[in-house]
Each structure stands twice: as C-alpha cells, then as structure tokens.
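Asker: Model the structure of this input:
(2 chains)
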Amino acid sequence: MQVKVKLFFTLRRGRSRVVDIQLNPGATVKEVIINLGIKPSEVAIVMVNGHYSNMEKQVDDGDIVALFPPIGGG
Amino acid sequence: MMFPEAKILDVDLTNQKISVRSLPGEIYRLYPGGSSLGLYLILQEMQAGIEPFSPDNMLVFTVSPFTGLPVAGLSRVVVTTKSPLTGTIGDSQAGGFFPAYLKANGYDAVVFKGRAANPVYLFVNGDKVELRPADHLWGKVTGDAERLIKEELGDEGLEIAQIGPGGENLVRYAAIMNMCNRANGRNGTGAVMGSKNLKALVVKKNKIAVKAFDKEGLTTLTKNVKERIRNNESIDGLGEFGTDGDLDGFNELGFLPTNNWQTGWFPEGAESICGTTMAETILVKRDTCYTCPVRCKRVVEVPGKVDPFYGGPEYETCAAFGSYCGITDLETVALANQLCNMYGIDTISCGGTIAFAMECFEKGLFNTDDTGGMELKFGKGDNLAILIEMIAKRQGIGDLLAEGSYRAAQKVGGEALKLSISVKGQELPAHMPQFKPAVGLIYAVNPFGADHQSSEHDTFLVADPDSQERRWLGQLGVYKQYQDTFDLDDDKVRFAFDTQCFFSILDTLCLCQFVWGPAWELYGPDDIIQLCKYGIGWETSLFELMRVGERRINMMRYFNAREGFTRSDDALPERLFDPMPDGPSKGITLDKEEFEQALNTYYQFAGWDVKTGNPTETNLRKLSLDWVVKR
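Answerer: Residues are numbered from 1 along each chain as shown, chains lettered A, B, ... in the order given. Coordinates of the predicted model:
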C-alpha cells in the first residue's frame, strides 16, 4: 500500500516536504517513520488524515501522515 | 570571588549632563544585567504614575557581565522603560553587534532621563561621551541616518541603535533598531526614545576588552561548538530555515493565527510564506550576531523591491503580515518587514493592528471614508506598504492605527472592542494558546504584555523522554510526559512558572534564547553554571539563578502594581475561548474555567495574592527586595 508523508521543519532536512512510501498492509506510523530513516525519538506530534494521532496508529492505503518535531518559540 | 561592578552612564538630556557611576558587585549580583538591572535603577529613582512620554520616564539600555565574551549568544541588549503601549514596565531585547560594543566601551548600562530641547544623539567612545545635534537626522529612515552618522563622524567602525520616523512620531509600538535590521521591537521603547528627542545611541567599535575569568575553562563551552550544532537538529535547522521554518507546520496542525485570529487554518498561504520557501526563493544570506555560529538571521532580496540591507523576516513577521492579514505573497511580507525596519516599527504589533483594521473594515466598522479609499480586506497585500508608511507618519487612518489595536478599538468602540487581539494592549505573538495553553497562561500574566519568549512552550512536553529537550527540562524538575499539548493541569502551571523564571535568567544575563535555554537550545542549564564560573568567576547554582529570574519578574509585577495593574489585566482576548472553527483543529477549545483555575494556581505558585495578582510583601522580602517594600 502507499502512504503520503508530510514532513515539517527539521524532519524535511535532506528529504523533501512530501514523500510517498510503499508499506506492507497493517503498518503503523512508527514503521512509516523508521522507513524514512527518521529516529522515532525525533518525532513529537503525529497527524493522520488531518487528525491528531500517535505512533501506534495503523495506517491504510492512501492515508496522509504528517510528522512534526518538537517545535517551540521564535 | 568579587562579583564585577556595574559601570553606569547617566545621561540627563534636559540639562545635557553626562556622568558615570559604579554599582557595587554585591548589588550587581542580585540584579546581574538586562531588565533586572534596568528595573533596579528605575525602582530606585522613578516615582509611580509617570506618563510614558513624560521627560521623567527613564529609558535604560543594559547589557550584563557576560556581554562580549567570545561565546555564542552573548551579545544582547535590553531596553527597560515604562511602555507607552502597555502602560506597564516595558522590556525589549535585541541582538547584533551593538551589545558587545556597548560593553567594549566599558558600560553595563546607559540611563537616559529628561528630554532634549532639540533632537540629539549620544556618541560613546570609551570615556569620551558626547551629545551631538541630530536635527539633520530627524525624519530620516534608519538606513539613511546610519549612513549620515558614519559620514559625519568619519568612521565606519560604529554600531548604532536608533529610532526611525516611527519612534519620532510616537507610534506606540515603535522599535529601536541596530544594524537597521535588529530590533528592540516590542513595547514601544522606540517611542519613548522619540519623546526624549533622542535619535540614536552610537558606540565606537573599540577593542572588546571583556576578559574571561578563566579563558581555558571557557573553551569547554566553545571548542566543540560546531559539533554541538551538528548534533542538535533544532539548532542546525534554525540556521537552515530560520525561525520561519515552523510556519507551515503550525498551519498543518491548525494553529497558525489567520485573519486576525479568527482561525488557525491558512491552507491557501502557509506554504508560500514558510521558511522552506524563503530558503528556496528570496534568501540570499544567513546573517549572525557577535561570535555566534548559529546564523539564524535571514537576509532576503527581491531585485528592485526588497533590499538585503534591511535583513529578512522572522517567523513572527511572516505570520503578522502574512497569515494574520490573510496575505499569501512572501515578497509582500518581505517588503513590509523592510519598511518596518526603515521606519523603526515592531512587526508583530504592526501586523496585528493592520489585521484588526482589516476585520473592522470587513465588519463595516470602518469604510473607505475612514481609510482614504483603501479596501482593507484580508488577503489584499497591495495596501500593506502604504499602510505601514501612513502609520509611521501618523497620516490618515495611520494616526489611529499608530495607537495599536487596543487603543484604536477603544476609540472605535462597540464590536471593535472584541477584535483587538492583545493582552495589556500588546498584540499577541503567533503562538496560539489553544494549542499551547501554558504559553497562553504566560501571555496573560507576563508583566509587559503578551510575549512568546518568556517561557518554554508546551510542545516539548510531548517530546521523547530520552531527548535532550526532556533531559534538560528534567533539570528544572519538569518530567511529566503528556500525550498532547492541550492540558493545563498543575504540572503545566508549574512548568509555565518555572520556565518563566528560567527565561527570566536569560533576559537578565542577556543570553540569546535560541542559544541558551532549558530544552532545544545549544547550551542548557548546566552550561549556564559553567559560563558563570569560567566567564566571570561566579560560583553559582541553578538555585541562585532561578531566584535571580524570579526577582526580575517580581520587580516588574511590583512596578505594575504601583501603576494600578491587577489580576483583571491578566486576561486573554475572548476570541481565544471560542472553539476552533475549521481545519485540523476544528472544535478544539481553550476552556475558560480551566484557564481561570490555572491563573489561581499560577499566583499561588508565584507567592502572589490570588485576588490582585500582585506580589506579596513576604515574597518581595524573600527575594531580597525589602528595600522596595520600605520605599
């Protein structure tokens, strides 16, 4: 199955803003993150299809996953 | 050890008298720089009830014992005065090279009192300090004034902190600019400078004479700095994308303040005004402050339109002129930033006030007769440049908007009163309390109005428990893990108050908050202890420093109490308690009852009176402020 991943701030360094990845059915957000070569500890907030979610959430074909590092002031 | 003395330059503008005095080390240790030192000097001398534009208001520039040491993030200057925007104590910080060179001339503070009969500027060259006429500079934008000052002094080696026409015309959110692109932006300190007929504070770039107490020891902080940066994604990313790197992320989360905070959802514009887009398009250089390798400052250019001399927009500026106003064009935002730097105006309050005016127009509270024919609608960027100029020159509707959204709303009345998104009269920075309630709590209680750089943000409490952010926050006793950012329980309030005290240390010691801090920054709490020891021989602890930070906040609240401020002034705009209307955050609400309860808890944790929100005599005495109580 294919999942679209939107990356924000530092997570897009060396990558692009949006990445399409292929995964086995039943994969979780955590597997999406690992698949992209990102350490799960770098991700603070997860959204799936525009809703607040978490690492354990199973994703489906066509889902949009957005990943955020812990972003602060400035 | 002997704590260093503070050397203070007193300038009486009314009588054109200049003198120097020293503050003993045992006092400087209690108020070691920044607005803490500024408050100490102000509370010693200034009576209550003095109008911000009165000659009797004091305007104090301060650095710290650390300013100018060759370590990243140590070149910051703080301006303290009674704010014409908020009526509270005013506090505003800026970086650049000016702070290091002010200290290089031997001074920890420059205190301006009175009012010059005609425009002047102060030229500081070591012991040689003179007031010089500035009639020929009055009315000039910052870039022109800087060039003229360098020409007439025949010296390119100068650092200049100055006001533009905004400050001269008493725009209540006028800034003090150095390098023409670094701003003591908030609280309208530039207008106080204008009221004193003081155009600029010019310092000669004399040799930096600040010597580390233990030079070798200090290298433990500096020798691996590049590796530290490489190993810190947040800092390295800040260098790459600037502060604006987060903008489209906030939008994706549904919390980018848009159309005067009516929504947090700006899908049509967030991508085009974010830091990644800036880096890919108009960014021509990453600039820096004295001895700082982080290079977070943006320099942008649009040939024929935006001049790189005036730097580039921060996140706050991109939000204030972008999403607050519904504007999707980065070049328009960059031009607005340049104009604010030329005229010397705070970009946050300016964008916030224009967004207020746009909503007033759309709701029929203003019409084209009021605006000189302009259609002040969200998304219409073609009026932005002319509006900024009208504000700086107080022309047409600009005269009303130069008062800030709060005072403008009072004059317009009716529904407009609900449209000023401000606390204590200061427009909100672009972090939504609905997403970050602890930041919202600090917006409400911060002594000088809504401020996003006075405490750590809620987002770090959902970070990985093994991350640097959580390890450093752990040193402050912050260890509770949250699943999302929306809680405002006791632990959150403690986090808000304790990190507020911590940030108050930074604003006292004049440490840059992107380099020194309790979470994501380059140097953490332990490093500050090392800096104190090796930098000036101050053997201290986080305990003593937290008291330093708490003392500053209490002095500020005491100042405000004298001016009649109470708990009722610690209120967020009503709009913030409405459910988020659309986008990914739809339905999320900052609960008003929970927020009021958190305020109660905050005052209790701070040792203040819950009813008035003001410091108790006991708490002031605990913080060695018995002299304040006795006055």
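Asker: And B:Ser64, how close does it get to chain A?
Answerer: 21 Å (C-beta to the nearest C-beta, to the nearest Å). Where you see a C-beta, it was placed from the backbone N, CA and C, and this is true even at glycine.
Asker: Okay, and that residue sits in which element?
Answerer: Applying DSSP states H and E as the criterion places B:Ser64 outside every helix and strand.
Asker: tell me the contacts of the residue nearest to it when sequence neighbours are not counted?
Answerer: Distances taken as C-beta to C-beta, 6 or more residues apart in numbering or on different chains place B:Gly33 nearest to B:Ser64, at 2.6 Å, with adjacent residues excluded. By C-beta atoms under 8 Å, 6 or more residues apart in numbering or on different chains, the residues touching B:Gly33 are B:Ala6, B:Thr62, B:Val63, B:Ser64, B:Pro65, B:Phe66, B:Thr67, B:Val78, B:Asp108, B:Thr508, B:Leu509, B:Cys510.
Asker: Where helices are concerned, which of those count?
Answerer: The helices, defined by DSSP state H, take in B:Thr508, B:Leu509 from the contacts of B:Gly33.
Asker: can you list the contacts of B:Gly33 in TSV and add pLDDT and neighbour count?
Answerer: Formatted as TSV, these follow (pLDDT from 0 to 100; neighbours: other C-beta atoms under 10 Å in any protein chain shown):
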residue	pLDDT	neighbour count
B:Ala6	98	25
B:Thr62	98	32
B:Val63	98	29
B:Ser64	98	30
B:Pro65	97	27
B:Phe66	97	27
B:Thr67	97	27
B:Val78	98	26
B:Asp108	98	25
B:Thr508	98	25
B:Leu509	98	26
B:Cys510	98	31
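Asker: which one of the contacts of B:Gly33 is nearest B:Gly242?
Answerer: Checking the contacts of B:Gly33 against B:Gly242 with C-beta to C-beta, the nearest one is B:Cys510 at 21.9 Å.
Asker: Which stretches in chain A count as helices?
Answerer: A:29-35.
Asker: near chain B, which residues of it?
Answerer: By C-beta under 8 Å from any C-beta of the partner chain, the part of chain A that sits against chain B consists of A:6, A:8-10, A:12-13, A:17, A:40-45, A:47, A:50-52, A:54, A:66, A:68-74.
Asker: change it to 6 Å
Answerer: When proximity is defined as C-beta under 6 Å from any C-beta of the partner chain, chain A approaches chain B at A:8-10, A:13, A:41, A:44, A:50, A:66, A:68, A:70-74.
Asker: Filter the residues you listed down to the buried ones.
Answerer: A:Phe8, A:Phe9, A:Thr10, A:Ala44, A:Ala66, A:Phe68, A:Pro70, A:Ile71, A:Gly72, A:Gly73, A:Gly74 (16 or more other C-beta atoms under 10 Å in any protein chain shown).
Asker: I figured the last one was touching B:Phe241, is that so?
Answerer: Yep, that's A:Gly74 we're talking about. No. Counting by C-beta atoms under 6 Å, A:Gly74 does not reach B:Phe241; the two are 10.4 Å apart.
Asker: Got the confidence number for B:Glu403?
Answerer: You'll see B:Glu403 listed with a pLDDT of 98.
Asker: can you check B:Val210 too?
Answerer: For B:Val210, pLDDT reads 81.
Asker: check contacts around it.
Answerer: By C-beta atoms under 6 Å, 6 or more residues apart in numbering or on different chains, the residues touching B:Val210 are B:Gly68, B:Leu69.
Asker: And it, how close does it get to chain A?
Answerer: 28 Å.
Asker: So, low pLDDT: which residues of chain A?
Answerer: A:73 (pLDDT under 70).
Asker: Kindly provide the distance from the residue nearest the centre of it to B:Glu469.
Answerer: In chain A, the centroid-proximal residue (C-alpha atoms, centre = their mean) is A:Leu67; its distance is 4.2 Å. For A:Leu67, the distance to B:Glu469 equals 16 Å [C-beta to C-beta, to the nearest Å].
Asker: okay, among the buried ones among the residues of chain A next to chain B, which ones form the most distant pair?
Answerer: It's A:Ala66 and A:Gly73 that sit farthest apart of these, by C-beta to C-beta, at 20.9 Å.
Asker: number of nearby residues for the closest residue to B:Gly583 other than its chain neighbours?
Answerer: Distances taken as C-beta to C-beta, 6+ apart put B:Trp265 closest to B:Gly583, at 2.8 Å, once the chain neighbours are dropped. By other C-beta atoms under 10 Å in any protein chain shown, 23 other residues sit near B:Trp265.
Asker: does B:Trp265 count as helix, strand or coil?
Answerer: coil (DSSP: H, G, I helix; E, B strand; the rest coil).
Asker: my guess is it contacts B:Pro581, does it?
Answerer: No. B:Trp265 is beyond contact range of B:Pro581, at 8.1 Å (criterion: C-beta under 6 Å).
Asker: wait, B:Tyr101 sits on B:Lys204?
Answerer: No. With contact defined as C-beta under 6 Å, B:Tyr101 does not reach B:Lys204; the gap is 7.4 Å.
Asker: Specify which residue of those two has the higher count of neighbours.
Answerer: The neighbour comparison of B:Tyr101 against B:Lys204 (other C-beta under 10 Å) goes to B:Tyr101, with 26 against 17.
Asker: Quick check: pLDDT value at the more buried one.
Answerer: Value for B:Tyr101, per-residue pLDDT: 97.
Asker: How about residues contacting whichever strand or helix holds it?
Answerer: Using DSSP H and E, B:Tyr101 maps to helix B:98-104. Under the contact criterion C-beta under 6 Å, 6+ apart, helix B:98-104 has outside partners B:63, B:67-68, B:75-77, B:159, B:161, B:178, B:203, B:205-206, B:208-209, B:290.
Asker: ok, is stretch B:347-356 in contact with chain A or not?
Answerer: No. Using C-beta under 6 Å from any C-beta, stretch B:347-356 stays clear of chain A, coming no nearer than 12.2 Å.
Asker: Now that we're looking at B:Leu158, what pLDDT does it have?
Answerer: 98.
Asker: Next, it: phi, psi?
Answerer: Dihedral angles of B:Leu158 (phi, psi; degrees, to the nearest 10) stand at phi -130, psi 150.
Asker: Kindly state the beta-bridge partners for it.
Answerer: B:Lys204 (DSSP bridges).
Asker: give the contact list for B:Asn251.
Answerer: B:Phe266, B:Ala270.
Asker: Quick check: it is in a helix.
Answerer: Yes. Using three-state DSSP, the assignment for B:Asn251 is a helix.
Asker: any idea how far B:Gly583 is from it?
Answerer: The value you get for B:Asn251 to B:Gly583, if C-beta to C-beta is used, is 8 Å.
Asker: go on, B:Lys7?
Answerer: Counting by C-beta to C-beta - B:Lys7 and B:Gly583 are separated by 53 Å.
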